[in-house]
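Colleague: the amino acid sequence is not available; the structure is as follows:
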(Lines give C-alpha, C1' and ligand atoms only; values in the text may rest on other atoms or scores of the structure.)
Protein backbone atom coordinates (compact mmCIF):
# COMPACT_ATOMS: atom_id res chain seq x y z
CA UNK A 1 0.00 0.00 0.00
CA UNK A 2 2.91 2.34 0.70
CA UNK A 3 3.88 2.17 -2.99
CA UNK A 4 0.82 4.32 -3.74
CA UNK A 5 2.69 7.35 -2.34
CA UNK A 6 3.74 9.87 -4.96
CA UNK A 7 4.50 13.62 -5.02
CA UNK A 8 1.18 15.28 -4.22
CA UNK A 9 -0.38 12.24 -2.55
CA UNK A 10 0.26 10.17 0.57
CA UNK A 11 -2.09 7.25 1.40
CA UNK A 12 -4.26 7.86 4.45
CA UNK A 13 -5.20 4.75 6.44
CA UNK A 14 -7.41 4.63 9.53
CA UNK A 15 -8.65 1.31 10.90
CA UNK A 16 -11.06 3.21 13.17
CA UNK A 17 -13.19 3.44 10.02
CA UNK A 18 -13.65 -0.34 10.03
CA UNK A 19 -15.44 -0.46 13.40
CA UNK A 20 -17.16 2.92 13.52
CA UNK A 21 -20.94 3.20 13.78
CA UNK A 22 -20.65 6.37 11.68
CA UNK A 23 -17.69 5.69 9.36
CA UNK A 24 -18.37 8.77 7.25
CA UNK A 25 -17.36 10.97 10.21
CA UNK A 26 -14.02 9.29 10.96
CA UNK A 27 -11.01 11.63 10.98
CA UNK A 28 -8.71 11.39 9.17
CA UNK A 29 -10.87 9.84 6.49
CA UNK A 30 -9.07 7.02 4.62
CA UNK A 31 -8.08 7.45 0.99
CA UNK A 32 -7.36 3.75 0.29
CA UNK A 33 -9.96 0.99 0.61
CA UNK A 34 -10.32 -2.71 0.01
CA UNK A 35 -13.65 -4.52 -0.14
CA UNK A 36 -14.81 -7.56 1.85
CA UNK A 37 -18.36 -8.82 1.32
CA UNK A 38 -18.23 -10.68 4.68
CA UNK A 39 -18.38 -7.31 6.48
CA UNK A 40 -22.01 -6.88 5.37
CA UNK A 41 -23.01 -9.45 8.00
CA UNK A 42 -20.72 -8.13 10.75
CA UNK A 43 -20.24 -4.37 10.38
CA UNK A 44 -22.62 -2.22 12.43
CA UNK A 45 -22.83 1.24 10.93
CA UNK A 46 -25.22 3.73 9.36
CA UNK A 47 -24.00 2.80 5.86
CA UNK A 48 -26.21 0.86 3.47
CA UNK A 49 -25.53 -2.87 3.20
CA UNK A 50 -23.28 -2.75 0.13
CA UNK A 51 -21.11 0.10 1.47
CA UNK A 52 -20.44 -1.80 4.69
CA UNK A 53 -18.06 -3.97 2.66
CA UNK A 54 -15.44 -1.18 2.35
CA UNK A 55 -12.52 -1.28 4.79
CA UNK A 56 -9.29 0.59 5.38
CA UNK A 57 -6.05 -1.45 5.21
CA UNK A 58 -4.21 -1.64 8.51
CA UNK A 59 -0.73 -0.59 7.40
CA UNK A 60 1.17 0.83 4.45
CA UNK A 61 3.17 -2.39 4.65
CA UNK A 62 0.10 -4.46 3.69
CA UNK A 63 0.60 -6.28 0.38
CA UNK A 64 -1.69 -5.41 -2.53
CA UNK A 65 -2.60 -8.83 -3.89
CA UNK A 66 -2.69 -9.47 -7.65
CA UNK A 67 -6.25 -10.14 -8.94
CA UNK A 68 -7.70 -8.08 -6.04
CA UNK A 69 -9.06 -4.57 -6.49
CA UNK A 70 -8.61 -1.43 -4.41
CA UNK A 71 -10.02 2.08 -4.56
CA UNK A 72 -7.69 5.04 -4.14
CA UNK A 73 -8.88 8.62 -3.71
CA UNK A 74 -5.94 10.60 -5.10
CA UNK A 75 -6.15 14.18 -6.43
CA UNK A 76 -5.83 14.75 -10.16
CA UNK A 77 -2.90 17.07 -9.42
CA UNK A 78 -0.78 14.24 -7.94
CA UNK A 79 2.15 12.86 -9.88
CA UNK A 80 1.16 9.58 -11.59
CA UNK A 81 1.72 6.55 -9.36
CA UNK A 82 4.41 4.13 -10.51
CA UNK A 83 5.15 0.57 -9.49
CA UNK A 84 8.49 -1.22 -9.65
CA UNK A 85 8.72 -4.96 -10.16
CA UNK A 86 8.08 -7.83 -12.54
CA UNK A 87 4.99 -7.76 -14.74
CA UNK A 88 2.38 -10.44 -14.04
CA UNK A 89 1.91 -12.97 -16.81
CA UNK A 90 0.37 -16.38 -17.36
CA UNK A 91 -2.33 -17.87 -15.13
CA UNK A 92 -3.69 -15.42 -12.54
CA UNK A 93 -6.26 -17.04 -10.25
CA UNK A 94 -8.40 -15.28 -7.67
CA UNK A 95 -8.63 -18.26 -5.33
CA UNK A 96 -11.91 -19.05 -3.59
CA UNK A 97 -14.42 -16.20 -3.50
CA UNK A 98 -17.39 -16.45 -1.16
CA UNK A 99 -20.91 -15.11 -0.79
CA UNK A 100 -22.75 -14.66 2.47
CA UNK A 101 -26.47 -15.10 2.89
CA UNK A 102 -27.34 -11.40 3.12
CA UNK A 103 -29.26 -9.98 0.15
CA UNK A 104 -26.38 -7.66 -0.81
CA UNK A 105 -23.55 -10.16 -0.23
CA UNK A 106 -21.27 -11.80 -2.78
CA UNK A 107 -19.74 -8.75 -4.46
CA UNK A 108 -16.00 -9.11 -5.06
CA UNK A 109 -13.69 -6.20 -5.89
CA UNK A 110 -11.18 -7.75 -8.25
CA UNK A 111 -8.34 -6.27 -10.28
CA UNK A 112 -6.83 -6.60 -13.74
CA UNK A 113 -3.44 -8.21 -12.92
CA UNK A 114 -1.88 -7.69 -16.34
CA UNK A 115 0.07 -4.75 -17.88
CA UNK A 116 -2.54 -4.66 -20.67
CA UNK A 117 -6.32 -4.24 -20.91
CA UNK A 118 -8.34 -7.28 -19.81
CA UNK A 119 -11.11 -8.29 -22.23
CA UNK A 120 -13.98 -9.68 -20.13
CA UNK A 121 -15.76 -10.98 -23.26
CA UNK A 122 -13.01 -13.59 -23.60
CA UNK A 123 -13.43 -14.88 -20.03
CA UNK A 124 -15.47 -18.06 -20.49
CA UNK A 125 -17.99 -19.49 -18.05
CA UNK A 126 -15.49 -22.28 -17.30
CA UNK A 127 -12.96 -19.64 -16.20
CA UNK A 128 -15.37 -18.12 -13.68
CA UNK A 129 -17.10 -21.09 -12.01
CA UNK A 130 -19.77 -20.04 -9.55
CA UNK A 131 -19.69 -16.42 -10.76
CA UNK A 132 -22.25 -14.23 -12.52
CA UNK A 133 -21.46 -13.32 -16.12
CA UNK A 134 -21.49 -9.58 -15.39
CA UNK A 135 -18.61 -7.28 -14.52
CA UNK A 136 -18.77 -3.66 -13.35
CA UNK A 137 -16.17 -0.89 -13.72
CA UNK A 138 -16.59 2.28 -11.66
CA UNK A 139 -16.28 5.48 -13.72
CA UNK A 140 -15.75 8.46 -11.37
CA UNK A 141 -17.41 11.77 -12.16
CA UNK A 142 -16.19 13.54 -9.02
CA UNK A 143 -14.31 12.90 -5.78
CA UNK A 144 -17.08 10.75 -4.32
CA UNK A 145 -19.50 10.36 -7.25
CA UNK A 146 -19.55 8.09 -10.26
CA UNK A 147 -21.41 5.49 -12.31
CA UNK A 148 -20.91 1.79 -12.93
CA UNK A 149 -20.17 0.64 -16.49
CA UNK A 150 -21.69 -2.83 -16.78
CA UNK A 151 -21.05 -5.64 -19.27
CA UNK A 152 -22.53 -9.16 -19.54
CA UNK A 153 -23.07 -11.69 -22.33
CA UNK A 154 -22.03 -9.35 -25.13
CA UNK A 155 -24.25 -6.51 -23.88
CA UNK A 156 -22.91 -3.26 -22.43
CA UNK A 157 -20.71 -0.32 -23.29
CA UNK A 158 -17.38 -2.18 -23.30
CA UNK A 159 -15.89 -5.45 -22.05
CA UNK A 160 -12.47 -3.84 -21.44
CA UNK A 161 -10.91 -3.41 -18.02
CA UNK A 162 -7.89 -1.11 -18.25
CA UNK A 163 -4.45 -2.09 -17.01
CA UNK A 164 -4.33 -1.29 -13.30
CA UNK A 165 -8.13 -1.02 -13.01
CA UNK A 166 -10.39 -2.71 -10.49
CA UNK A 167 -13.80 -4.18 -11.24
CA UNK A 168 -16.66 -5.85 -9.39
CA UNK A 169 -17.96 -9.36 -10.08
CA UNK A 170 -20.37 -11.41 -7.98
CA UNK A 171 -20.60 -14.96 -6.69
CA UNK A 172 -23.88 -16.34 -8.03
CA UNK A 173 -25.31 -18.36 -5.16
CA UNK A 174 -25.99 -17.23 -1.59
CA UNK A 175 -23.81 -19.29 0.72
CA UNK A 176 -21.80 -20.53 -2.27
CA UNK A 177 -18.38 -19.82 -3.71
CA UNK A 178 -16.72 -19.05 -7.03
CA UNK A 179 -13.46 -17.96 -8.61
CA UNK A 180 -12.05 -16.03 -11.58
CA UNK A 181 -9.15 -17.72 -13.36
CA UNK A 182 -7.43 -15.58 -16.00
CA UNK A 183 -4.82 -16.43 -18.63
CA UNK A 184 -2.77 -14.49 -21.16
CA UNK A 185 -5.49 -15.24 -23.72
CA UNK A 186 -7.75 -12.79 -21.86
CA UNK A 187 -5.35 -9.88 -22.42
CA UNK A 188 -5.63 -7.35 -25.23
CA UNK A 189 -2.37 -7.44 -27.16
CA UNK A 190 -3.17 -5.08 -30.04
CA UNK A 191 -1.58 -1.68 -29.47
CA UNK A 192 -3.65 1.45 -30.07
CA UNK A 193 -7.25 1.44 -31.24
CA UNK A 194 -9.05 -1.70 -30.18
CA UNK A 195 -10.98 -4.01 -32.53
CA UNK A 196 -14.67 -4.71 -32.20
CA UNK A 197 -15.27 -6.97 -29.24
CA UNK A 198 -18.03 -9.43 -28.43
CA UNK A 199 -19.29 -12.25 -30.60
CA UNK A 200 -17.23 -11.48 -33.68
CA UNK A 201 -20.28 -11.42 -35.94
CA UNK A 202 -23.26 -9.10 -36.31
CA UNK A 203 -25.43 -9.29 -33.20
CA UNK A 204 -28.96 -10.15 -34.30
CA UNK A 205 -30.52 -10.21 -30.84
CA UNK A 206 -33.32 -7.65 -30.23
CA UNK A 207 -31.72 -4.99 -28.01
CA UNK A 208 -32.76 -1.74 -26.35
CA UNK A 209 -30.60 0.83 -24.60
CA UNK A 210 -32.58 3.40 -22.61
CA UNK A 211 -30.80 6.41 -21.15
CA UNK A 212 -32.02 8.98 -18.64
CA UNK A 213 -30.46 12.43 -18.36
CA UNK A 214 -31.02 15.35 -16.02
CA UNK A 215 -29.29 17.57 -13.46
CA UNK A 216 -26.10 17.20 -15.51
CA UNK A 217 -26.11 13.41 -14.98
CA UNK A 218 -26.87 10.34 -17.11
CA UNK A 219 -27.54 6.65 -16.55
CA UNK A 220 -28.17 3.79 -18.93
CA UNK A 221 -30.01 0.47 -18.79
CA UNK A 222 -29.96 -2.42 -21.29
CA UNK A 223 -32.62 -4.98 -22.27
CA UNK A 224 -32.22 -7.77 -24.81
CA UNK A 225 -33.96 -11.00 -25.87
CA UNK A 226 -32.17 -14.31 -26.35
CA UNK A 227 -33.10 -18.00 -26.41
CA UNK A 228 -32.09 -19.54 -23.09
CA UNK A 229 -32.78 -16.48 -20.98
CA UNK A 230 -35.80 -16.51 -18.68
CA UNK A 231 -38.02 -13.90 -17.06
CA UNK A 232 -36.31 -14.71 -13.73
CA UNK A 233 -32.85 -13.54 -12.62
CA UNK A 234 -30.25 -15.46 -14.67
CA UNK A 235 -26.57 -15.40 -13.68
CA UNK A 236 -25.47 -15.83 -17.31
CA UNK A 237 -27.83 -13.29 -18.90
CA UNK A 238 -28.58 -10.55 -16.35
CA UNK A 239 -26.56 -7.98 -14.39
CA UNK A 240 -28.02 -6.76 -11.08
CA UNK A 241 -27.84 -3.01 -10.66
CA UNK A 242 -24.99 -1.54 -8.62
CA UNK A 243 -26.35 1.89 -7.58
CA UNK A 244 -24.44 4.89 -8.88
CA UNK A 245 -23.09 7.27 -6.26
CA UNK A 246 -24.39 10.19 -8.35
CA UNK A 247 -27.91 9.37 -7.13
CA UNK A 248 -29.32 8.97 -10.66
CA UNK A 249 -30.22 5.31 -11.16
CA UNK A 250 -32.25 3.73 -13.95
CA UNK A 251 -32.90 -0.01 -14.12
CA UNK A 252 -35.51 -2.55 -15.17
CA UNK A 253 -37.02 -4.95 -12.67
CA UNK A 254 -36.84 -8.74 -12.46
CA UNK A 255 -39.35 -9.32 -9.69
CA UNK A 256 -38.12 -6.91 -7.01
CA UNK A 257 -34.48 -7.01 -8.24
CA UNK A 258 -33.23 -3.96 -10.14
CA UNK A 259 -31.00 -4.98 -13.05
CA UNK A 260 -28.67 -2.92 -15.24
CA UNK A 261 -28.73 -5.55 -18.01
CA UNK A 262 -31.91 -7.59 -18.46
CA UNK A 263 -31.77 -10.72 -20.62
CA UNK A 264 -35.28 -11.88 -21.55
CA UNK A 265 -36.65 -14.95 -23.37
CA UNK A 266 -37.22 -14.73 -27.11
CA UNK A 267 -40.30 -12.75 -28.05
CA UNK A 268 -42.96 -15.15 -29.26
CA UNK A 269 -46.70 -15.24 -29.82
CA UNK A 270 -48.94 -12.19 -29.88
CA UNK A 271 -49.03 -11.24 -26.20
CA UNK A 272 -47.51 -7.96 -25.09
CA UNK A 273 -44.49 -8.21 -22.73
CA UNK A 274 -44.41 -5.50 -20.04
CA UNK A 275 -41.19 -4.79 -18.11
CA UNK A 276 -41.36 -2.38 -15.15
CA UNK A 277 -38.64 0.25 -14.74
CA UNK A 278 -37.29 1.78 -11.56
CA UNK A 279 -35.91 5.30 -11.50
CA UNK A 280 -34.43 7.37 -8.69
CA UNK A 281 -32.86 10.81 -8.98
CA UNK A 282 -30.77 12.94 -6.62
CA UNK A 283 -33.45 15.66 -6.68
CA UNK A 284 -36.69 16.69 -8.31
CA UNK A 285 -36.54 18.33 -11.72
CA UNK A 286 -36.77 17.87 -15.47
CA UNK A 287 -35.40 14.74 -17.10
CA UNK A 288 -35.27 13.12 -20.53
CA UNK A 289 -35.34 9.52 -21.67
CA UNK A 290 -33.44 8.86 -24.90
CA UNK A 291 -32.85 5.74 -26.98
CA UNK A 292 -29.19 5.32 -28.01
CA UNK A 293 -29.96 1.89 -29.45
CA UNK A 294 -33.06 -0.01 -30.57
CA UNK A 295 -32.29 -2.82 -33.00
CA UNK A 296 -33.49 -6.14 -34.43
CA UNK A 297 -37.09 -6.02 -33.20
CA UNK A 298 -38.60 -6.71 -36.63
CA UNK A 299 -42.35 -6.22 -36.46
CA UNK A 300 -42.33 -5.80 -32.67
CA UNK A 301 -42.92 -2.22 -31.51
CA UNK A 302 -41.51 -0.89 -28.22
CA UNK A 303 -43.48 1.53 -26.04
CA UNK A 304 -42.65 3.62 -22.98
CA UNK A 305 -45.58 3.85 -20.58
CA UNK A 306 -45.90 6.74 -18.12
CA UNK A 307 -48.37 5.76 -15.42
CA UNK A 308 -48.51 9.29 -13.98
CA UNK A 309 -49.75 10.89 -17.19
CA UNK A 310 -51.50 7.78 -18.51
CA UNK A 311 -49.66 8.13 -21.82
CA UNK A 312 -47.48 5.80 -23.83
CA UNK A 313 -44.97 6.67 -26.54
CA UNK A 314 -43.49 4.41 -29.18
CA UNK A 315 -39.71 4.32 -28.89
CA UNK A 316 -37.42 4.67 -31.89
CA UNK A 317 -33.64 4.83 -32.07
CA UNK A 318 -32.58 8.42 -31.42
CA UNK A 319 -36.00 9.35 -29.98
CA UNK A 320 -36.63 11.05 -26.63
CA UNK A 321 -39.30 11.58 -23.95
CA UNK A 322 -39.25 14.53 -21.54
CA UNK A 323 -40.81 14.39 -18.08
CA UNK A 324 -40.68 15.98 -14.64
CA UNK A 325 -40.13 14.34 -11.26
CA UNK A 326 -41.93 16.05 -8.39
CA UNK A 327 -39.66 14.30 -5.87
CA UNK A 328 -36.41 12.37 -6.10
CA UNK A 329 -38.20 9.01 -5.86
CA UNK A 330 -41.37 9.79 -7.79
CA UNK A 331 -40.04 7.94 -10.84
CA UNK A 332 -40.03 4.60 -9.01
CA UNK A 333 -42.99 2.55 -10.21
CA UNK A 334 -44.05 5.20 -12.71
CA UNK A 335 -42.54 3.89 -15.94
CA UNK A 336 -42.67 0.60 -17.82
CA UNK A 337 -41.61 -0.74 -21.22
CA UNK A 338 -44.06 -2.67 -23.40
CA UNK A 339 -42.82 -4.93 -26.21
CA UNK A 340 -45.72 -5.50 -28.59
CA UNK A 341 -45.37 -8.15 -31.33
CA UNK A 342 -47.31 -7.75 -34.56
CA UNK A 343 -50.96 -8.42 -33.88
CA UNK A 344 -50.69 -8.04 -30.11
CA UNK A 345 -53.41 -6.13 -28.30
CA UNK A 346 -52.30 -2.75 -27.03
CA UNK A 347 -53.68 -3.47 -23.57
CA UNK A 348 -52.91 -6.24 -21.13
CA UNK A 349 -55.78 -8.42 -19.96
CA UNK A 350 -54.36 -9.99 -16.80
CA UNK A 351 -54.48 -8.79 -13.19
CA UNK A 352 -50.88 -9.65 -12.29
CA UNK A 353 -47.77 -7.96 -10.91
CA UNK A 354 -46.38 -7.27 -14.39
CA UNK A 355 -49.42 -5.21 -15.40
CA UNK A 356 -50.43 -3.43 -12.17
CA UNK A 357 -48.44 -0.31 -11.25
CA UNK A 358 -48.29 1.14 -7.71
CA UNK A 359 -46.32 4.38 -7.36
CA UNK A 360 -44.68 6.09 -5.62
CA UNK A 361 -43.81 3.24 -3.29
CA UNK A 362 -42.84 4.18 -0.56
CA UNK A 363 -45.81 6.56 -0.48
CA UNK A 364 -45.65 10.06 0.97
CA UNK A 365 -49.20 11.34 1.48
CA UNK A 366 -50.72 9.36 -1.38
CA UNK A 367 -50.06 6.66 -3.96
CA UNK A 368 -51.50 5.86 -7.38
CA UNK A 369 -52.65 2.50 -8.76
CA UNK A 370 -52.69 1.94 -12.52
CA UNK A 371 -54.79 -1.07 -13.56
CA UNK A 372 -55.00 -2.88 -16.91
CA UNK A 373 -58.31 -3.87 -18.46
CA UNK A 374 -59.35 -7.28 -17.18
CA UNK A 375 -61.29 -9.64 -19.43
CA UNK A 376 -65.03 -9.82 -18.58
CA UNK A 377 -64.68 -7.42 -15.61
CA UNK A 378 -65.96 -3.87 -15.23
CA UNK A 379 -64.61 -3.13 -11.75
CA UNK A 380 -61.85 -4.01 -9.29
CA UNK A 381 -62.40 -4.18 -5.53
CA UNK A 382 -59.47 -2.60 -3.65
CA UNK A 383 -58.69 -3.11 0.04
CA UNK A 384 -55.77 -1.65 1.96
CA UNK A 385 -54.88 -3.73 5.03
CA UNK A 386 -52.48 -3.04 7.90
CA UNK A 387 -50.06 -5.59 9.39
CA UNK A 388 -52.82 -6.90 11.67
CA UNK A 389 -54.95 -7.77 8.67
CA UNK A 390 -57.42 -4.96 9.42
CA UNK A 391 -58.98 -3.14 6.48
CA UNK A 392 -58.19 0.59 6.65
CA UNK A 393 -59.48 1.56 3.20
CA UNK A 394 -61.84 -0.07 0.73
CA UNK A 395 -63.20 1.11 -2.60
CA UNK A 396 -64.47 0.00 -5.97
CA UNK A 397 -62.48 1.06 -9.03
CA UNK A 398 -64.39 1.07 -12.31
CA UNK A 399 -62.60 -0.42 -15.34
CA UNK A 400 -62.74 0.85 -18.90
CA UNK A 401 -61.35 -0.62 -22.10
CA UNK A 402 -58.08 1.13 -21.22
CA UNK A 403 -58.04 -0.02 -17.57
CA UNK A 404 -58.17 2.49 -14.71
CA UNK A 405 -56.15 4.91 -12.60
CA UNK A 406 -56.97 5.50 -8.92
CA UNK A 407 -55.36 7.53 -6.13
CA UNK A 408 -55.25 6.54 -2.45
CA UNK A 409 -54.68 9.08 0.34
CA UNK A 410 -52.26 7.94 3.05
CA UNK A 411 -51.69 11.16 5.00
CA UNK A 412 -53.98 9.98 7.81
CA UNK A 413 -52.37 6.53 8.06
CA UNK A 414 -49.63 5.50 10.46
CA UNK A 415 -46.23 4.91 8.90
CA UNK A 416 -45.53 1.28 8.13
CA UNK A 417 -46.13 -1.61 5.73
CA UNK A 418 -49.58 -2.22 4.23
CA UNK A 419 -50.99 -4.74 1.77
CA UNK A 420 -53.14 -3.63 -1.16
CA UNK A 421 -55.51 -6.44 -2.15
CA UNK A 422 -57.08 -6.13 -5.60
CA UNK A 423 -59.92 -8.43 -6.67
CA UNK A 424 -61.53 -8.73 -10.09
CA UNK A 425 -63.95 -11.64 -10.34
CA UNK A 426 -62.00 -14.75 -9.33
CA UNK A 427 -58.63 -13.02 -9.77
CA UNK A 428 -56.82 -11.58 -6.74
CA UNK A 429 -53.51 -9.75 -6.55
CA UNK A 430 -51.77 -8.47 -3.41
CA UNK A 431 -49.19 -5.68 -3.57
CA UNK A 432 -46.98 -4.47 -0.72
CA UNK A 433 -47.19 -0.72 -0.03
CA UNK A 434 -44.89 1.19 2.32
CA UNK A 435 -46.22 4.41 3.88
CA UNK A 436 -43.62 6.91 5.05
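Modeller: Yep, that arrived. Since the model is a prediction, treat every value here as computed from it, not as a measurement.
Colleague: quick one: neighbours of residue 51, just the number.
Modeller: Residue 51 is surrounded by 18 other residues when neighbours are defined as other CB atoms under 10 Å. Quick note: C-beta positions are derived from backbone N, CA and C, even for glycine.
Colleague: equivalent analysis for residue 415, please.
Modeller: Residue 415: 10 surrounding residues under other CB under 10 Å.
Colleague: likewise residue 170?
Modeller: If you count neighbours by other CB under 10 Å, residue 170 ends up with 23.
Colleague: tell me how far the closest residue to residue 269 other than its chain neighbours lies from residue 311.
Modeller: Sequence neighbours aside, residue 341 is the residue nearest to residue 269 in space, at 6.8 Å (criterion: CB to CB, 6 or more residues apart in numbering). For residue 341, the distance to residue 311 equals 21 Å [CB to CB, to the nearest Å].
Colleague: quick one, strands of the stretch 1-150 of the chain?
Modeller: With DSSP state E, counting those that start in this stretch as the definition, the stretch 1-150 of the chain shows strands at residue ranges 32-35, 54-55, 71-72, 92-93, 97-98, 107-111, 118-119, 135-140, 146-152.
Colleague: can you list contacts of the fifth one?
Modeller: Strand 97-98 has contacts (CB atoms under 8 Å, 6 or more residues apart in numbering) with 37-38, 106, 108, 130-131, 171, 176-180.
Colleague: also the last one?
Modeller: By CB under 8 Å, 6+ apart, the surrounding residues in contact with strand 146-152 are 120-121, 132-141, 156-159, 168, 218-219, 222, 237-239, 242, 244-246, 260-261, 263.
Colleague: partner strands of the next helix or strand after it and their direction?
Modeller: Using DSSP states H and E, the helix or strand that follows strand 146-152 towards the C-terminus is strand 155-156. Taking DSSP bridges as the criterion, strand 155-156 pairs within the sheet with strand 146-152 (antiparallel).
Colleague: ok, residue 341 and residue 311, which is more surrounded?
Modeller: With neighbours defined as other CB under 10 Å, residue 341 and residue 311 compare such that residue 341 has more, 17 against 12.
Colleague: next, count neighbours for the nearest residue to residue 321 once chain neighbours are set aside.
Modeller: Excluding its sequence neighbours, the residue lying closest to residue 321 (CB to CB, 6+ apart) is residue 289, at 4.4 Å. Using other CB under 10 Å, the number of residues around residue 289 comes to 22.
Colleague: cool, and residue 362?
Modeller: Using other CB under 10 Å, the number of residues around residue 362 comes to 15.
Colleague: does the residue nearest to residue 321 sit in a helix, a strand or a coil?
Modeller: strand (DSSP: H, G, I helix; E, B strand; the rest coil).
Colleague: so what's it bridging to?
Modeller: Beta-bridge partners of residue 289, counted by DSSP bridges, are residue 212, residue 321.
Colleague: what mean pLDDT does stretch 306-322 get?
Modeller: Stretch 306-322 carries an average pLDDT of 87.
Colleague: ends of it, how far apart?
Modeller: In terms of CA to CA, to the nearest Å, the two terminal residues of stretch 306-322 are separated by 11 Å.
Colleague: likewise stretch 112-130?
Modeller: Stretch 112-130 has its terminal residues 19 Å apart, counting by CA to CA.
Colleague: for stretch 312-321, same thing?
Modeller: Taking CA to CA, the first and last residues of stretch 312-321 lie 10 Å apart.
Colleague: what of stretch 32-45?
Modeller: Taking CA to CA, the first and last residues of stretch 32-45 lie 19 Å apart.
Colleague: pick out the residue closest to the middle of this structure.
Modeller: Among the residues of the chain, the one closest to the centroid is residue 241, at 1.5 Å (CA atoms, centre = their mean).
Colleague: could I get the phi/psi values of that one?
Modeller: With angles defined as degrees, to the nearest 10, residue 241 sits at phi -80, psi 130.
Colleague: could you pull up the contacting residues of it?
Modeller: Residue 241 touches 249, 251, 258-260, counting by CB under 8 Å, 6+ apart.
Colleague: before we move on, back to that, out of the contacts of strand 97-98, who's nearest residue 333?
Modeller: For residue 333, the nearest member of the contacts of strand 97-98 is residue 106. The distance, counting by CB to CB, is 26.7 Å.
Colleague: which non-adjacent residue is nearest that closest one?
Modeller: The shortest distance from residue 106 to any residue that is not its chain neighbour, by CB to CB, 6+ apart, is 3.3 Å, and that residue is residue 99.
Colleague: burial of that neighbour, as a residue count?
Modeller: Residues within reach of residue 99, counting by other CB under 10 Å, total 22.
Colleague: show me the contacts for residue 267.
Modeller: For residue 267, the set of contacting residues under the criterion of CB under 8 Å, 6+ apart consists of 206, 225, 273, 297, 300, 339, 341.
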